[in-house]
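*Asks:* got a predicted structure plus its sequence, pasted below:
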Amino acid sequence: GQSLEQPSEVTAVEGAIVQINCTYQTSGFYGLSWYQQHDGGAPTFLSYNALDGLEETGRFSSFLSRSDSYGYLLLQELQMKDSASYFCAVLFSGGYQKVTFGTGTKLQVIP
Amino acid sequence: EAQVTQNPRYLITVTGKKLTVTCSQNMNHEYMSWYRQDPGLGLRQIYYSMNVEVTDKGDVPEGYKVSRKEKRNFPLILESPSPNQTSLYFCASSLSTGTTNEQFFGPGTRLTVL
């Protein structure tokens, strides 16, 4: 079956850079998305990679390598408000349009 | 304001008592979806709809029904709820598939089945 694996927890210092990885065993998808979810809140969209390479959106960047079945989210200049859970997700192409999310990574930013 | 709304936000019910969670979006989105979120399991897709009268199963459809009679509404129906359906439920919508897959999520419905 399809699965997307992420580290369960990551801790980083305010002002630093952190990378959250997403590895998958699947194929036939349009691209890799990233979502942020604060405790008690709804997921919100961060970024999307349709093609291999790096996409940059302000302090956040996302990377995809289909040949390596791997992607990551890079957060720079970490702020306390970045403490949240982060999920990768794929939308499958072909005859059906299912979405599968990764297991999620809880990021704790410490002073 | 562009948004996805869900009702109710919180619900405590008993085993076997049919319930419906409503979802509505005002963005004219084609794609709508229901997810459940459980600790350690992330978000799992229950059902999705690519347009009016077009629905399909996600990864965990057992025990749930959906309908899409209008573009804006996508209710989730639990005909006979059981305790293992206690979870946090999210409805989401997106403009179409095959693009950025930017989904807009509702605020969530926390369901407890006793």
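*Replies:* Looks like it arrived, so ask away. Being a predicted model, the structure only gives us computed values, none of them experimental.
*Asks:* how close does the residue positioned nearest the centre of chain B get to residue A:8?
*Replies:* Of all residues in chain B, the one closest to the mean position by C-alpha atoms, centre = their mean is residue B:34, 2.7 Å from it. Counting by C-beta to C-beta, to the nearest Å, the gap between residue B:34 and residue A:8 amounts to 25 Å. Placement of C-beta: from N, CA and C, glycine included.
*Asks:* cool, and residue B:31?
*Replies:* 29 Å.
*Asks:* who has more neighbours out of those two?
*Replies:* A count of neighbours by other C-beta atoms under 10 Å in any protein chain shown puts residue B:31 above the other of residue B:31 and residue A:8, at 23 against 11.
*Asks:* before we move on, back to that, what's the closest non-adjacent residue to the residue nearest to the centre of chain B?
*Replies:* Take residue B:34 and drop its neighbours on the chain: the residue closest to it by C-beta to C-beta, 6 or more residues apart in numbering or on different chains is residue B:46, 4.3 Å away.
*Asks:* my guess is residue B:17 contacts residue B:81. True?
*Replies:* Yes. In this structure residue B:17 lies within contact range of residue B:81 using C-beta atoms under 8 Å: 6.6 Å.
*Asks:* what pairs with whichever strand in chain B runs longest, parallel or antiparallel?
*Replies:* Criterion DSSP state E: the longest strand present in chain B is strand B:42-51. On the basis of DSSP bridges, the sheet neighbours of strand B:42-51 come out as strand B:31-38 (antiparallel), strand B:54-57 (antiparallel).
*Asks:* list the buried ones in that strand?
*Replies:* The neighbour-count check on strand B:42-51 (16 or more other C-beta atoms under 10 Å in any protein chain shown) flags B:42-50 as buried.
*Asks:* next one: stretch A:17-27
*Replies:* Burial within stretch A:17-27, assessed by neighbour count using 16+ other C-beta under 10 Å, is assigned to A:18, A:20-24.
*Asks:* and if you look at stretch A:69-86?
*Replies:* Buried positions in stretch A:69-86, judged by neighbour count with 16+ other C-beta under 10 Å: A:71-75, A:78, A:82-86.
*Asks:* now those as a markdown table including distance to residue B:90 and secondary structure?
*Replies:* Putting the buried residues of stretch A:69-86 into a markdown table (distance: C-beta to C-beta, whole Å; DSSP: H, G, I helix; E, B strand; the rest coil) gives the following:
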| residue | distance to residue B:90 | secondary structure |
| --- | --- | --- |
| A:71 | 22 | strand |
| A:72 | 24 | strand |
| A:73 | 20 | strand |
| A:74 | 26 | strand |
| A:75 | 23 | strand |
| A:78 | 26 | coil |
| A:82 | 21 | helix |
| A:83 | 20 | coil |
| A:84 | 15 | strand |
| A:85 | 13 | strand |
| A:86 | 16 | strand |
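*Asks:* export only the CA atoms of stretch B:9-18, formatted as PDB.
*Replies:* C-alpha atoms of stretch B:9-18 as PDB (Å, rounded to 0.1, in the frame of the first residue of the first chain):
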ATOM      1  CA  ARG B   9     -18.100  21.300  16.300                       C
ATOM      2  CA  TYR B  10     -18.600  18.900  19.200                       C
ATOM      3  CA  LEU B  11     -20.800  15.900  19.500                       C
ATOM      4  CA  ILE B  12     -21.200  13.200  22.100                       C
ATOM      5  CA  THR B  13     -23.600  10.400  21.200                       C
ATOM      6  CA  VAL B  14     -24.300   6.800  21.900                       C
ATOM      7  CA  THR B  15     -23.600   3.600  19.900                       C
ATOM      8  CA  GLY B  16     -26.100   3.000  17.100                       C
ATOM      9  CA  LYS B  17     -27.700   6.400  17.000                       C
ATOM     10  CA  LYS B  18     -27.500   7.800  13.500                       C
END
